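*Asks:* sequence-free structure coming up:
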C-alpha cells in the first residue's frame, strides 16, 4: 500500500524529531538543547517541504488531502473539527510558551569574551596583543628546564586549581558540582586550544571579576589569581595546562 | 549497472584520485611550512 | 530615459560639488594643523573628539541615518558594479554563439541597472552629505589622508558615467562585425573603471579598520599608497568583488521572477523564465566561492587584531554569525530548490528525481552543522543534565573545522544539483558513459573523504595553525572536484541527444518565489555582514587611532541591529521595485485618442 | 496587481522572519558601553607618584627648566605656589583664576595673564610673557600632565596640594623604547621637534631667549654654526648668557640632521 504524500511528510518530520531525541538523549546521554532542536526541526521541515514540492505531480498529491478537506462538501464534519482544534492547539501552544514559569531565566554566557587590548596586572600595564609566555621558548631551547617548569606548573595547579577544574583538567573537580557556571573543561577542543596564551594569562590573573560585561551574568567564581600567585607561577600553570591536555596554544607563527 | 564497464574505472579512478588528493594535501601543507601529518 | 539622465547628472554633480568643497576644506585644515603643531609636512594627529564635536541635527539619530544611507548606497553600488560584469559576459556569449537572445537579455539587464546607477549616485551624494553633516571631523581627517584618491574617484565617476551612457545608448547603434567589438571593448572599459572605483572606496573603509601609513597618534606619513594598501584592503576587495556578482545576479533574478509572475503570454513567460535561470546561474556561480573569500577575510581580520577577531567570532558578534548561518543556509537551499523546480522544464528529468532527496538530506545535514552555535542556549534543567555549558557532541560542531567541512559539502552538493539539472534534458551518446559516470562518482567519493579527513584530523587533533592551513586544501578539493566533473560532463555530453524540447516557462510560481527569497535574503545578509564588519571596530572611527566619542558610540544589541538592517532592506526593496516598474513604464506607450490635433 | 501585492507580502514576510528570529530567536546580549578613554594609569596612582610624574614632566617633556633655571631668563618657581594669593589681588593680574590651582593652570596656557616684573617680552613693559602655551605647539602637555606639574609646583612650593588626580585623561603617548626614531625630513620639522623656537627666532618661531637666527647665515659660517650646536658654550654672542642652550643637541640629532640644520642656517641671509 502506498502511503499518501502528506502522511509521508508528517512521518518523516516526526521520525527525525524522535531520532534526535533518541540519539542525543538516550543513546549519547547528552540532551539536545530545546533551542537547538527547535531550529533544527525548522530547517528539516524546510528541507522536507523542498523535496516534496519541487515537482508538480508530487505537489498536487501533497496538497490534495488539504484541498479536499477545505473544499469537499462531504468532509464537513471533519472540516469543522479541524477548524476548531487547530486554533485551539495554536492558542494553547502560545499560552504555554508565554506563561511565566518559576524557572530561572535562561542564561547565556559568552564563554570567550573578547579580551581588552591592555590590562593592568601586578601593578603594571600589560599589552595583551604582544604578551607572550616567557617560558614557551624553553620548549625547544632547553627541554630539561621546560620539563621543570611544567612540573612547577603542575604543582601550582594541584595546590590551587584542581579543586574546581579537576585533577584530569576536565572541569570536574570536587567542588565543581556546586558552581554555576561550571568550571572550564580544558580537555574540550573548544577551550584552551582555541586561545592564545596571553588570553589565558588574562583570565587567570583577573578571574571572574575581570570579565567584561558581555560575559555576564557576572557570577564566575574564578578567583583573581594575581592576588595569590606570582606572575611566574601563572605562566608555569599555563604551560602545564597545554602540556597535560596535549593541546597547542593558538598562534599565528608556524612552530610545527 | 555495476557491470565490468563500471567497476573497473570506478576502482581505478578511486585509487588515482585518492592518491592525487593526498599528494595535493601534502603539497599545500608543505607550501605553508607544515606537514600533512602533525608533528608537535 | 531623458529624465533618468537628468537625475543621474544631478546626483553626480552633488557628489562632485560637495566632495570638492570638502577636499578644499580638507587641505585648508591640513595647513591649519601644520601651523598649529609646528609639524611640517602638513599632517596633525587624529583629533581627540568630545561628544559636543558631533553636530546634533534636528534630533536625528546620526548613526542610524548614516548607517542606513551607507547601506543603501552600498547595495545599489554592488548591483550597479555587478550588472556590467555579467552583461559583458553575456554579450560575449551572444557574440560567440550568435544567439540574439543573449544580446537582448544583456541589453535588458543594463537597462535595469541604468536607473539603479542614478540612484547609486544619489545615495552616494547623500552619504557624503550625511558624513559632512554628522561627522565633520572624521571626514576632514579622512579627506586629508585620501585627498588624492578622492579626487581621482570623482574623475573616475565622470568616466564611468560617460562610458556607461555610450555603452547603453549606443547598444543598437554599435551592432555587427567591427562595431560589436567596439561595443564589447566599451563594456570591458566600463568594468575596469567600475572596479577601480570600488577599490578606491574599499581603501577608505579598510583604512578605518586597519589603518596604515599613520603613526599611533594618527599623524599621516604622507604616503597615500601605504594608507590605501592597508592590511585588510585586498581581503575586502576579493570578497566584495565576488559578492557583488552574486548579489547582482540575485537582484536581476528577482526582476525576471517579477516579470515572469506578471507576464501574460506564454512567450513572455518563457523569456523571463530563461532570464531568471541565467541570472540565478550567475548568482550560484559566484555564491560557491563566496564562503572561502569570507573565511579569508575573517582570518585576515583575526591576524590583524586578536581583539577584533574574538569580538567577531567568539564574543559579542558570535550570535550574529548564527543569524548569518541561517541566511546563508537559506541562500543555498533556495538556489537548490530553484534548480530542482527547473527540472520540470525538461521531459527527461524524471530519471534524476530519485536522487534529489539524497542531495536534500546532505544539504540539510550539512546546514544543521553549519548552524550549530558555539555557545548553546541552555535552560537550567539542560544545564544540569549536561553538567555544564559544554555539550560533548554538539560543542565540537560549533567551531570552525566542522563548519568548514559542512560548507564544503554544501557547495559540492549544490554543484551536484546543478549537474543533474544540466543533464536533465540530455542523453549521452558516447561509448564511455558508464566509465565516465564511474569516474565522477569516484571523484566525488574521494573528494568528500578528503574533506572529512582534513576537517576532522586537522580540526580536532592538531593546533590552530594546522586548522587554518588545512582549510586551504579542503577548498581546493571542492574546486577540483567541481571543475573536473564539469569537464568530464562536457566531454560526455558532446553530441548528445535531447530527451525532448526544453519547455521554458514550464515552472511553478513557487520557484519564482525562491528567486525572490534569494534576493531578499542576500540583501538582508549583506546588510548584516556590513554591520558586523563595521561594528567590530566598536567605539572607534579608525581603529586605535581615532575614537568615536559621539553619544551613539555604543554597540547596539543584535535585535536593534537586525531591525535597522530590516528597515534598510525594506527601503531598498521598495526602491528596487520602483526601478523595475520604471523599466516597465519606459517600454509602454499610451495612444490617447483625439488628444493631439491631427 | 495581485502578483505585485503577493511579492510585497512575501518580501515583508521574509524580512519579518529574519528580524523576528534575530530579536526573539537568539539571546540579546547587551554589549558593554565603550570603556572610558584610555588613561595614563592614573587610577592606581598615589599623590606622591603623581607629584613625581609632575617633576619628571617639569624637567623633561615640559622643557620648563630651559628657562626656569638659575640663570635669570624666567622666574624661579620654587616658591611660586606660596606667592599666588598675593598675585591674585595684584592690579596687574588679568586672568580669571580664583585659587592657586586655577592660577597655575592658567599660567601654563595663558602665560600673559600675569607677568612677573622684569620677565616680560622686551618692549611690552611686562604685559606680554615670552613663555609659550605649554598645551600647544611642540610641548603639547595634556590636561593630566599639566595637573601633574601643578601638583609638583604646589608640593615643592610648600603650598597645600589641591589638585585631584584626573581620571579621564588621554593616555600618554608612549615613547617607543629602544627603537630609533625616524630622521627629521626638513629643517622646519627639526626646529619644531627639537624646540629651537622656544629660545630662538627662527622659521615661524619667535623665541627671544637666544640670538635671532633669521639672518644668521650672513653673520656666521658653517663651521661656526656646527660648533654652536655641538658645543653652545664655546662662543657666546654678546648680550646672551652662558649655559642657556642645552649642550646635548649633538647627542639628540643624527649626523645628517646636523648637516641639514647647518646648511639651512647658513642659507638664512
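*Replies:* Perfect, I can see it now. Worth saying up front: this structure is predicted, and the values here are computed from it rather than measured.
*Asks:* Next one: the residue most central in space within chain B from chain A, what distance?
*Replies:* The residue lying closest to the centre of chain B (C-alpha atoms, centre = their mean) is residue B:18, at 2.3 Å. Residue B:18 is 25 Å from chain A, where distance means C-beta to the nearest C-beta, to the nearest Å. From N, CA and C alone the C-beta is placed, and that goes for glycine too.
*Asks:* likewise residue C:465?
*Replies:* From residue C:465 to chain A the distance is 6 Å (C-beta to the nearest C-beta).
*Asks:* Report how many residues lie close to that residue.
*Replies:* Neighbour count for residue C:465, taken as other C-beta atoms under 10 Å in any protein chain shown: 21.
*Asks:* From residue C:74, how far off is it?
*Replies:* Noted for residue C:465: a distance of 34 Å to residue C:74, by C-beta to C-beta, to the nearest Å.
*Asks:* do residue C:165 as well
*Replies:* In terms of C-beta to C-beta, residue C:165 sits 23 Å off from residue C:74.
*Asks:* who has more neighbours, these two?
*Replies:* Between residue C:165 and residue C:74, counting by other C-beta under 10 Å, residue C:74 is the more crowded of the two (24 against 14).
*Asks:* excluding its backbone neighbours, what's nearest that one?
*Replies:* residue C:530 (6.4 Å; C-beta to C-beta, 6 or more residues apart in numbering or on different chains).
*Asks:* same for the helix or strand hosting that neighbour, what does it pack against?
*Replies:* Element membership of residue C:530, judged by DSSP states H and E, is helix C:509-535. Contact here means 3 or more C-beta pairs under 8 Å, 6 or more residues apart in numbering or on different chains; DSSP states H and E; on that basis helix C:509-535 packs against helix C:62-97, helix C:233-262, helix C:266-287, helix C:318-342, helix C:558-585, helix D:2-20.
*Asks:* where does the residue nearest to residue C:74 land on pLDDT?
*Replies:* You'll see residue C:530 listed with a pLDDT of 87.
*Asks:* Just name the shakiest helix or strand of chain C by mean pLDDT.
*Replies:* Lowest by mean pLDDT, DSSP states H and E among the helices and strands of chain C is helix C:2-37, with a mean of 44.
*Asks:* In three-state terms, label residue C:593 for me.
*Replies:* coil (DSSP: H, G, I helix; E, B strand; the rest coil).
*Asks:* ah, wrong one, I meant residue D:151
*Replies:* helix.
*Asks:* residue boundaries of the helices in chain B?
*Replies:* With DSSP state H as the criterion, chain B has helices at B:4-31.
*Asks:* Check it for the residue nearest chain A and tell me.
*Replies:* In chain B, the residue found nearest to chain A is residue B:33; the distance is 4.5 Å by C-beta to the nearest C-beta.
*Asks:* So what does that residue look like in phi/psi?
*Replies:* Dihedral pair for residue B:33: phi 80, psi 20, per degrees, to the nearest 10.
*Asks:* still on that earlier bit, can you give me the distance of the residue nearest to the centre of chain B to residue C:454?
*Replies:* Counting by C-beta to C-beta - residue B:18 and residue C:454 are separated by 13 Å.
*Asks:* same thing with residue C:131?
*Replies:* 45 Å.
*Asks:* got it, and residue C:310?
*Replies:* Remark: distance between residue C:310 and residue C:454 (C-beta to C-beta) = 25 Å.
*Asks:* The helix or strand where residue D:145 lies near chain A at all?
*Replies:* According to DSSP H and E, residue D:145 maps onto helix D:143-156. No: using C-beta under 8 Å from any C-beta of the partner chain, helix D:143-156 never reaches chain A; the gap is at least 15.2 Å.
*Asks:* How many neighbouring residues does the closest residue to chain A within the stretch 1-150 of chain C have?
*Replies:* Nearest residue of the stretch 1-150 of chain C to chain A, counting by C-beta to the nearest C-beta: residue C:46, 16.7 Å away. Residues contacting residue C:46 under the criterion other C-beta under 10 Å number 25.
*Asks:* tell me which element it falls in.
*Replies:* Going by DSSP H and E, residue C:46 is not in any helix or strand.
*Asks:* quick one, what contacts the nearest residue to it once chain neighbours are set aside?
*Replies:* Spatial nearest neighbour of residue C:46, chain neighbours left out: residue C:218 (2.8 Å); criterion: C-beta to C-beta, 6+ apart. Counting by C-beta atoms under 8 Å, 6 or more residues apart in numbering or on different chains, residue C:218 touches C:45-46, C:141, C:211, C:542, C:545-546.
*Asks:* part of a helix, is residue C:218?
*Replies:* No: under three-state DSSP, residue C:218 falls outside any helix and is assigned coil.
*Asks:* Need the phi and psi values for residue C:214.
*Replies:* The phi/psi pair for residue C:214 (degrees, to the nearest 10) is phi -130, psi 150.
*Asks:* Next up, the contacts around it.
*Replies:* C:46, C:145, C:220-221, C:227, C:545.
*Asks:* Only the buried subset of those, as a ChimeraX command please.
*Replies:* The buried subset of these, as determined by 16 or more other C-beta atoms under 10 Å in any protein chain shown, is captured in ChimeraX by this line:
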select /C:46,145,220,227,545
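*Asks:* Let me have the contacts of residue C:214 in TSV, extended by pLDDT.
*Replies:* Compiled in TSV, these are given as follows (pLDDT from 0 to 100):
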residue	pLDDT
C:46	74
C:145	85
C:220	78
C:221	75
C:227	83
C:545	77
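*Asks:* Of the contacts of residue C:214, which is the nearest to chain B?
*Replies:* Nearest to chain B among the contacts of residue C:214, counting by C-beta to the nearest C-beta, is residue C:227 at 29.5 Å.
*Asks:* Chain neighbours aside, what residue packs nearest to the closest one?
*Replies:* residue C:213 is the one closest to residue C:227 (C-beta to C-beta, 6+ apart), at 3.6 Å.
*Asks:* Please apply the same query to residue C:332.
*Replies:* Looking at residue C:332 with C-beta to C-beta, 6+ apart, the closest residue is residue C:410, at 5.4 Å.
*Asks:* measure the one you found to residue C:371 for me?
*Replies:* 11 Å.
*Asks:* Nice, that's everything, thank you.
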